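J.: next comes the sequence, and after it the predicted model I'd like to discuss.
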Amino acid sequence: MATIGFIGIGNMGAGMARNLVRAGHEVAVFDLDTEKARGIEGATVAASGEDAVKGADIVLSMLPAGPIVASVYRKTIFPNAESGALFIDCSTIDVATARILAEEAQGHGFAMLDAPVSGGVAGADAGTLAFMVGGSGDGFARAEPILDAMGAKVVHCGDAGAGQGIKICNNMMLAIQMISVAEGFALAEKLGLDPQKLFDVSSAASGQCWSLTTYSPMPGVGPTTSADNDYKPGFAAGLMHKDLGLAMEAAQASGADVAFGRAAFDAYDAMVEAGEAGVDFSGIIRGKRGVA
């Protein structure tokens, strides 16, 4: 079993840390919100990020943005980590920062992986996350048993930054699909059609996608989703907006044509500007339907 320092016990990090404890690992957790850290039964609550890192074989981080990740690694993790420790950053950040930090970690004598996740809070709690991992093959081999304790699918996507790249491509596709499903239901409603019939047909036809069959934005059809709980977030619109912004940055840097991705970014940008950053991203259907 590994000794793990975990920095960032938010909605996602909490479930991930609990699953590491359940798997028998020795886990020290740190978060600026001490109450969140104390909520991880069986883990040691570290007094600081430095204390969480000291003595750890593995250092995991789950933080909200690239500049925060860079600051934590440069100021807290690099100077205090044990020789030979492996760093796994599960935050979703820009590809460039992930690659720069991996280079800096190597310069300090450490291996570092970017390992963003898909699956939301429910997946973090259930231990069914999908991990998209960038970094060396040796680092991935060391990390895989740790990630297996938190996820159902762990994929080595390539060198440093590849995990972040795959994540933002995936989430751009997800956003486009969610908007298409929302518009389909909105149109059906305007035509006086039964939304259940649309679901029954499309879920077994060419309109089928995860945003329809697993996470329908229309309440009352298909499996129970956030739509059936007043759009309380499993994955908030603000987070989707952030990920789409990263995708737009990457597209601009690479010269990729992402016209529908740009339209999706604009739609979620408007949702955030309207004060709905904390609403589930599937709640974008409310504007399409003209309901509050």
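T.: Yep, that arrived.
J.: C-alpha only now, for contacts and for neighbours.
T.: Fine.
J.: next one: stretch 13-30 to chain centre, how far?
T.: 17 Å (CA atoms, centre = their mean, to the nearest Å).
J.: likewise for stretch 136-153?
T.: For stretch 136-153, the distance to the chain centre is 16 Å (CA atoms, centre = their mean).
J.: again, but for stretch 239-249
T.: Distance, centroid of stretch 239-249 to centroid of chain: 12 Å (CA atoms, centre = their mean).
J.: one more: stretch 260-270?
T.: With CA atoms, centre = their mean, you get 19 Å for stretch 260-270.
J.: check the burial of residue 274 by counting its neighbours.
T.: 9 (other CA atoms under 10 Å).
J.: do you know the pLDDT at it?
T.: On the pLDDT scale, residue 274 is placed at 97.
J.: what about the stretch 51-200 of the chain, any weak spots by pLDDT?
T.: By pLDDT under 70, the stretch 51-200 of the chain contains no weakly predicted segment.
J.: which parts of it are helices?
T.: Applying DSSP state H, counting those that start in this stretch to the stretch 51-200 of the chain gives helices spanning 66-72, 78-80, 95-107, 120-126, 137-148, 162-190, 195-202.
J.: may I have stretch 28-43 as PDB, with CA atoms only?
T.: The C-alpha trace of stretch 28-43 is given here as PDB (Å, rounded to 0.1, in the frame of the first residue of the first chain):
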ATOM      1  CA  ALA A  28      -2.900  12.600   4.300                       C
ATOM      2  CA  VAL A  29      -5.300  15.200   3.100                       C
ATOM      3  CA  PHE A  30      -5.000  19.000   2.900                       C
ATOM      4  CA  ASP A  31      -7.500  21.700   1.800                       C
ATOM      5  CA  LEU A  32      -7.800  25.300   2.700                       C
ATOM      6  CA  ASP A  33     -11.300  24.400   3.900                       C
ATOM      7  CA  THR A  34     -10.400  22.400   6.900                       C
ATOM      8  CA  GLU A  35     -13.900  21.000   7.400                       C
ATOM      9  CA  LYS A  36     -13.800  19.400   4.000                       C
ATOM     10  CA  ALA A  37     -10.500  17.700   4.900                       C
ATOM     11  CA  ARG A  38     -11.900  16.500   8.200                       C
ATOM     12  CA  GLY A  39     -14.700  14.800   6.400                       C
ATOM     13  CA  ILE A  40     -12.400  12.100   5.000                       C
ATOM     14  CA  GLU A  41     -12.800   9.400   7.600                       C
ATOM     15  CA  GLY A  42      -9.700   7.300   8.000                       C
ATOM     16  CA  ALA A  43      -7.400   9.900   6.500                       C
END
